[in-house]
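Q: coords please:
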Amino acid sequence: MAYYAYGALATDRYPPFTLADVPDYPAHLEVSYPEHLSRGLVLVKWWLLALPHYVVVGIFTGGGLWIANEAASRDDAAWTAGGGLIGLLVLVAAVVLLFTGRYPSGVFDLVLGLNRWVIRVAAYAGLMTDDYPPFRLDTGPDDPGSRVGIRPPAPQPSGDGQPPPDHWSAPRVVMLVLGCLGLLAGTGFLGVAATLGVLQGTLRDDDGFVMSGREELSTASYAIVSESLETQLADGAEVVPDRLLGDTRLTVEPSGAGAVFVGIGPTDEVEAYLAEVAHAVVVDFDSTGSGVEPVYRDVAGAAPLAAPEDAVLWTARASGTGTQDLRWAVEDGDWTVVVMNADATAGVTADVAVGAELPATGWAIGLMAALGGLSVLVGGALTWGALHSRRSVRTR
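A: Model prediction:
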């Protein structure tokens, strides 16, 4: 199947639906039946002895990375996979086939050699043999020492009845590989630019802020508190946050008719105010089938001794009935956001949205578009050059 599909892309004949050998099919696999296998090696060869080969095979076929969240108790890890050398070479062959109708013999031999290495390791790790796979790349259609090989595609005859010579030299293959990589990179950059453009167009409000969706926050205690937000500016870089982030915005809409308070203040002052007060700290948001759900860390305590309005030297604050709109220019320090009922009573429920101006988004879109266009231009030129030189050689 891999020989037909993107493991090699080397035949147009559909793989037969049978476990039996089909003599006239262009690809064959032969593994001799093991008359005797070591009972001791069976315990270690598939997970220990084959480890060096697994590294090589990972490069050939593509590897993956298990990215886990710092909180190991939660199941929010993700598997990230990447393509390998075989896939890249087959992509090169696909481009050449698209324009010329012929499979470069050098690429064909290398792809089969890489697949041969992979299959040898699979046979060894699959406990089919005790012979350790050699660290040797046997390119070409036939495996040395094997009675059965893989027949390469038959060359198409030229105008004079003779098969055309193969002029796919190493420099031209490298040029084609670089061209394909440039086209892929350019497509990625242009995709990022398009995505940023769509997000900016759909999420930016009339006031120029890129806003998140509204999330309902609720607690039976006296306050909803963010974790400490630390902002540090390097010396001489005070203009960076204003240019990249701009002003931030926080909108809070209470669920009832009562007045709500929202404030941003120094973390040490907020902690001193809420030291003996029961409150809920928002530590994360979990994705669910219907959206996201806030994750709280409840802190036990009593009722606050004073209303929040004058209890802390707030850097930015807003209070009243209806939707409250708080805007804040980022400053250096440790900050905490607090949402409470204005009269400091228990039971706080409000819809909250956050956002920022992000003035650098337009520059980022322009940069990604420029990089994408340049990469596509260079990649296309390299690809065209490799294919054009092929046609020039054939017409001499």
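Q: okay, now the nearest residue in space to Ser38 that is not next to it in sequence: neighbour count?
A: Spatial nearest neighbour of Ser38, excluding adjacent residues (C-beta to C-beta, 6 or more residues apart in numbering): Asp130 at 5.3 Å. Heads up, the C-betas are built off the backbone N, CA and C, glycines and all. Asp130 sits with 13 neighbouring residues when counted by other C-beta atoms under 10 Å.
Q: report pLDDT for Asp130.
A: On the pLDDT scale, Asp130 is placed at 89.
Q: quick check: it touching Leu37?
A: Yes. Counting by C-beta atoms under 8 Å, Asp130 touches Leu37, with 5.7 Å between them.
Q: residue ranges with poor pLDDT in the chain?
A: 63-83, 145-170, 231-245, 289-290, 389-396 (pLDDT under 70).
Q: which parts of it are helices?
A: Along the chain, counting by DSSP state H, helices occupy 51-61, 85-100, 105-125, 170-203, 239-244, 267-273, 361-394.
Q: can you tell me how far the residue nearest to Ser38 sits from Gln324?
A: Asp130 sits 74 Å away from Gln324, going by C-beta to C-beta, to the nearest Å.
Q: what's the answer for Gly87, then?
A: 53 Å.
Q: for Pro359, same thing?
A: 24 Å.
Q: look at the two and report which has more neighbours.
A: Neighbours were counted for Pro359 and for Gln324 using other C-beta under 10 Å; Gln324 has more, 23 against 14.
Q: surely that one meets Gly263?
A: No. Gln324 is beyond contact range of Gly263, at 10.0 Å (criterion: C-beta under 8 Å).
Q: residues in contact with Gly246?
A: Gly246 makes contact with Ala356, Glu357, Leu358, Pro359 under the criterion C-beta atoms under 8 Å, 6 or more residues apart in numbering.
Q: gap between it and Thr361?
A: 10 Å.
Q: give the contact list for Gly7.
A: By C-beta under 8 Å, 6+ apart, the contact list for Gly7 reads Met1, Ile86, Val90, Asn115.
Q: mind running it again at 6 Å?
A: For Gly7, no contacting residues are found, by C-beta atoms under 6 Å, 6 or more residues apart in numbering.
Q: how about Leu229?
A: Trp335.
Q: bridged to it, which residues?
A: Trp335 (DSSP bridges).
Q: how much space separates it from Val354?
A: Taken as C-beta to C-beta, the span from Leu229 to Val354 is 11 Å.
Q: again, but for Thr323
A: 14 Å.
Q: please say which of these two ends up with more neighbours.
A: More crowded of Thr323 and Val354, by other C-beta under 10 Å: Val354, with 19 against 14.
Q: surely that one touches Val252?
A: No. Contact criterion C-beta atoms under 6 Å: Val354 and Val252 do not qualify, at 9.9 Å.
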